[in-house]
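Trainee: return atomic coordinates for the entry below.
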Amino acid sequence: MRLALAFLLALCTLPAAAVIETYEFSSPELEARYRQLSQELRCPKCQNQNIADSNAPISRDLRRLLYQQLEAGATDKEILENMVRRYGEFVRYRPDFDRNTALLWLAPVLFLAVGAGLAVLVLRHGRGGGAPALDGEEQARLEALLAERDRTE
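Mentor: Numbers count the residues shown, from 1 in each chain. Have a look, this model is predicted:
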């Protein structure tokens, strides 16, 4: 029982390993911009974490660089352009629309259009009903076969 309790307590301390960095910003607006930009930039090492949540050394360096650039008076656009120039479009969670990222931005719309087109085709094809109507001769033959089956049963 004590071992289980110790294990549960150890699990509760895992969030304490989160990123804790304190920077003294010259204004609350810069701090808000820092938080927003650090959420938007992807860690080059972790790939599925932003630099705000990552403990990787590169993320620490990027957070420090972000702080320095904000305090130096750089705009958000200048900071993002600098990061993209250094690490490529991958570093942004929302890359700009250009010829290199056009497929990334247009793929959801294309898949939706193809899916809607297929749905329309399936629904139109399905409305035709089941089997085609029988002419008089085929209907008489079917009735004769069914009657013969009923007699043998």
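
Trainee: please count neighbours and contacts with C-alpha atoms only from this point.
Mentor: Will do.

Trainee: low-confidence stretches in this protein?
Mentor: In the predicted model of the chain, residues 3-21, 127-131 satisfy pLDDT under 70.

Trainee: can you give me the strands for it?
Mentor: Here the chain has no strands by DSSP state E.

Trainee: contact partners for the closest residue to Pro44 other than its chain neighbours?
Mentor: Spatial nearest neighbour of Pro44, chain neighbours left out: Val91 (6.3 Å); criterion: Cα to Cα, 6 or more residues apart in numbering. For Val91, the contact set (Cα atoms under 8 Å, 6 or more residues apart in numbering) comprises Leu41, Arg42, Cys43, Pro44, Met83, Val84.

Trainee: could you pull up the residues touching the third one?
Mentor: I take that to be Cys43. Contact partners of Cys43, counting by Cα under 8 Å, 6+ apart, are Gln49, Asn50, Ile51, Ser54, Ala56, Ile58, Ser59, Val91.

Trainee: now do Ala116
Mentor: With Cα under 8 Å, 6+ apart, Ala116 has no contacts at all.

Trainee: now the contacts of Val91 in TSV, with distance to Phe25?
Mentor: Shown next, in TSV, are the contacts of Val91 (distance: Cα to Cα, whole Å):
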residue	distance to Phe25
Leu41	19
Arg42	22
Cys43	22
Pro44	25
Met83	21
Val84	24
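
Trainee: which one of the residues you listed has the most neighbours?
Mentor: Cys43 (28 neighbours; other Cα atoms under 10 Å).
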